[in-house]
Structure formats: structure tokens, C-alpha cells
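[1] With the sequence up front, the predicted model follows.
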Amino acid sequence: KAGVTQTPRYLIKTRGQQVTLSCSPISGHRSVSWYQQTPGQGLQFLFEYFSETQRNKGNFPGRFSGRQFSNSRSEMNVSTLELGDSALYLCASSLVSGRTEAFFGQGTRLTVV
Amino acid sequence: QQPVQSPQAVILREGEDAVINCSSSKALYSVHWYRQKHGEAPVFLMILLKGGEQKGHEKISASFNEKKQQSSLYLTASQLSYSGTYFCGTEETSGSRLTFGEGTQLTVNP
């Protein structure tokens, strides 16, 4: 079966701009979680969606938001970009978050200049 | 609450064993282990659910002590392909989010 697809793979944005990242989970998976990965910081949890509802949110400012559509595809939006937002953004899909294995996409590498 | 992993890094020679530890201050429902190679997405290794069951995956196994909120990943007779960063992810009994530690960088040399 097809894996988790994230688009785009690479992005370069300017400070102050906004960006939207997309994640298509594995067919049948209703849970999508987003993580920010930076060197030395591991995987920082952003938020988790299940059946179009945000169930959990990490400790990130309100500039980070997301949503999930009825087909389980999810988008993440970052507004007013800052240099510190440069990171690899990973999404993970699972049948039920935390209770079953998570499958990660290849990620979107965001660079803010 | 982010779990704590130790050690931060370990270097092995092919054939040697290693143990990676993961601990949390919260009551856990499950512990997940993932391996990420440079430039690639994390890949699932195994999940341990509340109940203390030890699981195995070829020469990689793990245990979960739910009373101590600790898990350990055991890599025996390491191979070059084991190199990568290992992450433990924990789910607390009170929630459904999977929170990861900062990772353990494992290098296996010939």
C-alpha cells in the first residue's frame, strides 16, 4: 500500500511569509500527527488530528495551525515565519495515535531566510 | 512530557551489543521505538504496551517496566545497518499523543 506522502519536499521562504504543508496518510488511517525536527531537539510534537478533530496540541505558538479533511489528509500552516522555524516537518499517520505503529512521511524541509 | 533517553550517543564495533534506555516521569500506556537513518524518515521498530511484555525483532528486542516508566532497547551482535538515530516515543495513560525523546545516535563501525 502507498506510504505517507508529504508535499512539498523542500521549501524556501522569507521571514514574515506564511507556508502550508500537506500530508496524505496511509489509506484507512484516521490519525495524523505533525512533528518538528531540528538538530539536537529530536522530534517535537506539534499537534494530532483524528477524524477532522484536533485532539492534542504541543507547546508551539499560535502561528502554527493545522486541519484535517474528511479524507484524512492534513495540512499544517505556519504564519509570520521566523528564522527559527527552519526545520524538517514530519507527519505520521496511524490507525490510532499512540496505540498503534506510526508511519512517517519523508518530511518537508523548510528553510526560512 | 518528553521522555529522557540515554546515552545520547554510542559507538560500537560490528558484533558488539548496546542498550538504549528511555524513561518518563508520567504513567505510560505504551512505548514505541523508531530508527532514523540520515536523510530518511523514522522507521517503526516495535511497540510495547502496558503489561511489561518484552518484544523481539531479529537481534533487536525491548522491554517495558511500567512501574518504573522505563523501557530499554537491546541490540545484540550489532551490524553496520544498525547505525542511525534511535527514538523512543511514549504515550501517557492520560492521553493519546506520541511524544519522542531527543534520540540516541548509534554508530556501528567495521
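    Now that the structure is in, tell me what you want to look at.

[2] Which single residue of chain B ends up nearest chain A?
    Nearest residue of chain B to chain A: B:Glu91, at 3.3 Å (CB to the nearest CB). C-betas here are computed from N, CA, C, even on glycine.

[3] Checking my notes, that residue in a strand, right?
    Yes - checked against DSSP: H, G, I helix; E, B strand; the rest coil, B:Glu91 lies within a strand.

[4] For it, give its distance to B:Arg97.
    7 Å (CB to CB, to the nearest Å).

[5] Comparing those two, which residue is more hemmed in?
    B:Glu91 (23 against 19; other CB atoms under 10 Å in any protein chain shown).

[6] So what touches the host helix or strand of A:Tyr35?
    Assigned by DSSP states H and E, A:Tyr35 belongs to strand A:31-38. Here strand A:31-38 makes contact (CB atoms under 8 Å, 6 or more residues apart in numbering or on different chains) with A:23, A:25, A:43-50, A:60, A:66, A:68, A:72, A:74, A:76, A:86-97, A:102, A:107, B:97-98, B:100.

[7] just stretch A:46-66 next, same as before
    Contacts of stretch A:46-66 (CB under 8 Å, 6+ apart): A:30-36, A:44-45, A:67-70, A:74-80, A:89, A:96-97, B:95-98.

[8] swap in stretch B:58-68?
    For stretch B:58-68, the surrounding residues in contact (CB under 8 Å, 6+ apart) are B:23, B:27-28, B:31, B:33, B:45-46, B:48-56, B:70-79, B:82.

[9] restrict the residues you listed to those near chain A?
    B:Leu49 (CB under 8 Å from any CB of the partner chain).

[10] filter the contacts of stretch B:58-68 to the buried ones?
    Buried members of the contacts of stretch B:58-68, scored by 16 or more other CB atoms under 10 Å in any protein chain shown, are B:23, B:28, B:31, B:33, B:45-46, B:48, B:70-73, B:75, B:78, B:82.

[11] Would you point out the most distant pair within those?
    Spanning the widest gap among these are B:Leu28 and B:Ser78, at 26.9 Å by CB to CB.

[12] Quick one: residues contacting A:Ser86.
    By CB under 8 Å, 6+ apart, the contact list for A:Ser86 reads A:Thr38, A:Leu110, A:Thr111, A:Val112.

[13] any idea how far the nearest residue to B:Glu16 once chain neighbours are set aside lies from B:Thr85?
    Excluding the flanking residues, the one nearest B:Glu16 by CB to CB, 6 or more residues apart in numbering or on different chains is B:Ser78, at 5.6 Å. Per CB to CB, B:Ser78 is found 15 Å from B:Thr85.

[14] again, but for A:Arg99
    Per CB to CB, A:Arg99 is found 24 Å from B:Thr85.
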